[in-house]
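Trainee: Mind folding the following:
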Amino acid sequence: MRVTFRSISDRNIWLVYAAILLLGLAYGISLALVGLYLDGNGYSKSDIGSLAVWFAGGIVLLSLPMDSLIRRFSARATLIASLTGYACAVAAFPLMPSFVSIAAVRFLDGAFSVGIWVSCETILLSRANKNNKAFITSLYSMAIVVGFVLGPVAAAGIVKIANMPAAFFTS
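Mentor: Coordinates of the predicted model:
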């Protein structure tokens, strides 16, 4: 059976694609600027690099209870809470006064990110039929990657117009 864009009639699938595209854009903006922002504020390369551990730690620790959270609150509610938490964490990043607070925000960034990913994937797979699950998830991957590609371009434009904290807030 041939699968096409027209075969996706569920509006919720398209909403997930829009959300994950915007999330990819936000990731692209913040990832393009995190190192530059911290370097410009006197943090060492070692400190900047170690933040990846904090981000990954958030992913690992929230991955464990994600199944229970989605079963208890629903994938949609978990997605909304995770998107809100991610937005707050990224907006708060340039306001953090110390490395410890920056590491905590990066940890939350990772935790909320995994909440978004698993919720989106749960919604998509529950709404896709047997014949188009691979196509549905492929489009999901493409949407987030397009955002990752456009994010650094957007970051450069935002920084030219405003400043780095504004770019994080926009993200």
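Trainee: contacts, neighbours, all on C-alpha from now
Mentor: Noted.
Trainee: Any regions of this protein where pLDDT drops low?
Mentor: Low-confidence segments of the chain (pLDDT under 70): 1-3, 5.
Trainee: Show me the helices in it, by range?
Mentor: With DSSP state H, the ranges of helices along the chain come out as 11-40, 45-63, 66-73, 75-92, 99-127, 133-161, 164-170.
Trainee: contacting residues for residue 17?
Mentor: Counting by CA atoms under 8 Å, 6 or more residues apart in numbering, residue 17 touches 139, 140, 143.
Trainee: for those, which one is nearest residue 93?
Mentor: residue 143 (24.8 Å; CA to CA).
Trainee: Grab the nearest non-local neighbour of the closest one.
Mentor: Nearest non-adjacent residue to residue 143, counting by CA to CA, 6 or more residues apart in numbering: residue 21, 4.7 Å away.
Trainee: show me what contacts that neighbour?
Mentor: Residue 21 neighbours (CA under 8 Å, 6+ apart): 143, 144, 145, 146, 147.
Trainee: Nearest spatial neighbour of the third one, chain-adjacent residues omitted?
Mentor: If the residues on either side of it in the chain are set aside, residue 145 comes closest to residue 24, at 6.3 Å by CA to CA, 6+ apart.
Trainee: right, and the one you found touches residue 142 too?
Mentor: No: using CA atoms under 8 Å, residue 24 makes no contact with residue 142, being 9.8 Å away.
Trainee: more crowded one of these two?
Mentor: residue 24 (24 against 15; other CA atoms under 10 Å).
Trainee: List the contacts of the more buried one.
Mentor: With CA under 8 Å, 6+ apart, residue 24 has these contacts: 143, 144, 145, 146, 147, 148, 151.
Trainee: how far away is the fourth one from residue 20?
Mentor: For residue 146, the distance to residue 20 (CA to CA, to the nearest Å) stands at 10 Å.
Trainee: Compare the two and say which is more crowded by neighbours.
Mentor: Higher neighbour count among residue 146 and residue 20: residue 20, with 24 against 16, using other CA under 10 Å.
Trainee: What is the burial count for residue 50?
Mentor: For residue 50, using other CA under 10 Å, the count is 12.
Trainee: Pick the one among the contacts of residue 17 closest to residue 47.
Mentor: Using CA to CA, the contacts of residue 17 come closest to residue 47 at residue 143, 31.2 Å.
Trainee: you'd agree that closest one is up against residue 23?
Mentor: No: using CA under 8 Å, residue 143 is not in contact with residue 23; the gap is 9.2 Å.
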